[in-house]
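>>> Sharing a sequence plus its predicted fold:
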Amino acid sequence: MKKIRLFAVLGLGALSIASLASCGNKEKDAKEYENGELKVAIPTGVIRTAGDIIGLEKGFFDEEGVKVTGVNVSGTNAITAINSNSNELDILTTGFVPDVQAISNGNDNLRFIGGTAVEGGALIAKKGEAYKYKDSNTIIDFDAIEGASLAFAVGEASFVVTNEYLIENDPDYNKDELNVNNLADAQTVALQIGQGNFEVGFLPLEYANLYKDSYGIEIIAEAGQLIPEYVCCRQLTSKQKYETNYKAFVAYEKARIKAWEFIENDSNRNEVVDIIANYIGKETDYVENYLYGGITKWSVDPNKKGIETYTDALRNAGVLKNEITNITSYVEVGAYEEAITYLASANPNNKFYKDKLALFNEYNK
């Protein structure tokens, strides 16, 4: 299979392609980026940042007058950078559980501002044994799942979702009776399930598909079948950066909504796949399956209600050790609301913008 040429994702503190192309013309830069600039986490090889990649490569950020520089950083390093007063990073685009954990540990400065994706988890079993844990009426067999040896990495979304689904649907469910085994990472989970050392595993759907042949596993159910539209990766910034650079955030969200529309337009499918494959250095078949094969669902919407619901699920699953009094107080939807409201108003015949404004009103009011 032909390998696609890798475009380098810019490292921490590095100059963006846009800045290199316009060196020396400060007056033009100031006019072109009248809404400011933002440094955004686009970790190397991560496909879930497709919206930001399309925003960069198709010029949507430039069009909205905001200079966006991709930064190769993720995890706790990104949260530390956002919390600092430096200009190393303004927005973290991947993750959710570590962000909520950081807030529960006292990081009051953090704010969710938008979405990256929803859903994207899976329950797995050893190849040939998934049928034992399925039920045509309830999707999963409650007794079989609850009686199995379970394996997952701490904080894995698909376990959190399954736990919440069982709480809501099985009156006899008792989480404390589960045989829970916390493993190091997704690959270890796949390996141990394939070897038959544990019976049911929980993985991101991407890894369930990636490892199904090499480790001999198969999917029991997708977590999105249990709780549709559960939040996955959110966009995170700090209170200070959001307030100081509000115009830049509004412009950023406008561009991301345009990128969302571009990705969902089926006539752009081949172009989107080629852009993302080139940028992250993956094969086109892999990218197409991930983007358009049901691995995840793209959603730029902040989804305040989803954040609240999923935080409750994290608490119920024992992932959060410290209480968060009101997670919605850490969600800022103003910039996104201004962006989608403007786009829907300025383009009254655009069904995509109209639908996304309705979606915003449903999940954020």
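Done, it's in.
>>> ok, how many other residues are close to residue 158?
26 (other C-beta atoms under 10 Å). Backbone N, C-alpha and C define where each C-beta goes, glycine included.
>>> and the helix or strand hosting it, what does it pack onto?
For residue 158, the host element (DSSP states H and E) is helix 157-169. Identification of packing neighbours for helix 157-169 by 3 or more C-beta pairs under 8 Å, 6 or more residues apart in numbering; DSSP states H and E yields strand 121-126, helix 142-147, strand 149-153, strand 200-204, helix 223-226, helix 304-316.
>>> Could you point out the helix or strand that follows the shortest one?
Translated: helix 223-226. Proceeding N to C from helix 223-226, the next assigned helix or strand is strand 234-238, under DSSP H and E.
>>> And that following strand, what does it pack against?
Judged by 3+ C-beta pairs under 8 Å, 6+ apart, strand 234-238 is in contact with helix 75-83, strand 110-115.
>>> With respect to burial, which of these scores highest?
Using mean count of other C-beta atoms under 10 Å, the stretch among those with the largest mean neighbour count is strand 110-115, at a mean of 23.
>>> So in the chain, where's the weakest helix or strand by average pLDDT?
Lowest on mean pLDDT, DSSP states H and E among the helices and strands of the chain sits helix 17-21, with a mean of 38.
>>> Got the domain ranges for the protein?
Domain ranges of the chain: 17-118+231-364, 121-226, per automatic domain parsing.
>>> and these, which one is worst for confidence?
Mean pLDDT is lowest for domain 17-118+231-364 out of the domains of the chain, coming in at a mean of 90.
>>> mind checking how far residue 314 is from residue 359?
Note on residue 314: its distance to residue 359, by C-beta to C-beta, to the nearest Å, is 23 Å.
>>> So which of those two has more stuff around it?
More crowded of residue 314 and residue 359, by other C-beta under 10 Å: residue 314, with 23 against 16.
>>> from what I can see the more buried one touches residue 163, true?
No. Residue 314 is beyond contact range of residue 163, at 9.5 Å (criterion: C-beta atoms under 8 Å).
>>> now the strands: where do they sit in the stretch 201-350 of the chain?
Along the stretch 201-350 of the chain, counting by DSSP state E, counting those that start in this stretch, strands occupy 217-222, 234-238, 297-298.
>>> close enough to count as contact, residue 269 and residue 292?
Yes. When contacts are counted by C-beta under 8 Å, residue 269 is listed as touching residue 292 (6.5 Å).
>>> Now the phi/psi pair for the residue most central in space within the chain, please.
Nearest residue to the geometric centre of the chain (C-alpha atoms, centre = their mean): residue 233, 2.3 Å. Dihedral pair for residue 233: phi -70, psi 130, per degrees, to the nearest 10.
>>> neighbours around the nearest residue to it once chain neighbours are set aside, how many?
Residue nearest to residue 233 in three dimensions, not counting chain neighbours: residue 116, with 3.6 Å by C-beta to C-beta, 6 or more residues apart in numbering. When counting by other C-beta under 10 Å, one arrives at 26 neighbours for residue 116.
>>> List the contacts of residue 116.
Counting by C-beta atoms under 8 Å, 6 or more residues apart in numbering, residue 116 makes contact with 48-49, 51, 93-94, 232-235, 298-300.
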